[in-house]
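Chemist: Test case, fold it:
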Amino acid sequence: MRSYRFRSTWLVAAAPNLVFGAVVDLAGYPDWWPDVRSVRRIDDDTAELVCRATLPFELVLRLRRAVEDESAGRIRVDLSGDLEGFLAGRITDLGGTTRLEIVQEVVAHKRILRRFDRVARPVFRANHALMMGRGRRGLVAHLTNGI
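Modeler: Purely as a prediction, here's the structure:
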């Protein structure tokens, strides 16, 4: 077990280029995504994020840019640290609204996730859903209110 696959779709009333710009600007995440507690730049293609959603533990993740193609609306980062795998995004212009489809496939390395996977998997999945919901709301507010 210990592997997870998540899918999320965010609808944002902003131009695709604005959504793309916000999503690839990892350093700006703490400004609009409350569950991203800190970001530390490692190099031009890598950053380390510390995330904490509803459950009382943090995840430390290294994100390394794999694909960043604004014209195709494609983003992908490889993940390592407490989770290993990838996160991919596809941005689509719906004419006045932008759809951001997010797919994550990861294997948990953090001890608490591995130890309690069998009994707490639904709780971990709910925690992830809450985090993604706050991220979507934060991005919408950031891009529509100029936060």
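Chemist: all contacts plus neighbour counts: C-alpha atoms, from now on.
Modeler: Will do.
Chemist: who's sitting farthest from the centroid in this structure?
Modeler: Checked against the mean C-alpha position of the chain, the extreme residue using CA atoms, centre = their mean is Val119, at a distance of 24.5 Å.
Chemist: Surely that one is in a helix?
Modeler: Yes - with DSSP: H, G, I helix; E, B strand; the rest coil as the criterion, Val119 is part of a helix.
Chemist: and the closest residue to Asp117 other than its chain neighbours, how many neighbours?
Modeler: The spatial neighbour of Asp117 that comes closest, neighbours along the chain excluded (CA to CA, 6 or more residues apart in numbering), is Arg2 at 6.1 Å. Under the neighbour criterion other CA atoms under 10 Å, Arg2 is assigned a count of 16.
Chemist: Let the chain start at 21 from now.
Modeler: From this message on, residue numbering opens at 21, which makes the last subject Arg22.
Chemist: Correct me if wrong: Phe26 contacts Val127.
Modeler: No - the pair Phe26 / Val127 is not scored as a contact, 11.6 Å apart, by CA atoms under 8 Å.
Chemist: the more surrounded of those two?
Modeler: When Phe26 is set against Val127 and neighbours are counted by other CA under 10 Å, the residue ahead is Val127, at 19 against 13.
Chemist: where's that one, which helix or strand?
Modeler: strand 118-128 (DSSP states H and E).
Chemist: so what does that strand touch, helix or strand wise?
Modeler: Using 3 or more CA pairs under 8 Å, 6 or more residues apart in numbering; DSSP states H and E as the contact test, the elements touching strand 118-128 are strand 23-32, strand 103-113.
Chemist: any residues touching that strand, and which ones?
Modeler: 22-36, 39, 99, 102-113, 134 (CA atoms under 8 Å, 6 or more residues apart in numbering).
Chemist: One more: stretch 79-99?
Modeler: By CA under 8 Å, 6+ apart, the list of residues contacting stretch 79-99 from outside reads 37, 40, 44, 65-72, 100-112, 126, 130.
Chemist: From Glu78, how far out is the residue nearest to Ala35 when sequence neighbours are not counted?
Modeler: In space, Ala35 comes closest to Thr118 once its chain neighbours are excluded; the distance is 6.3 Å by CA to CA, 6+ apart. The span separating Thr118 from Glu78 equals 30 Å under the rule CA to CA, to the nearest Å.
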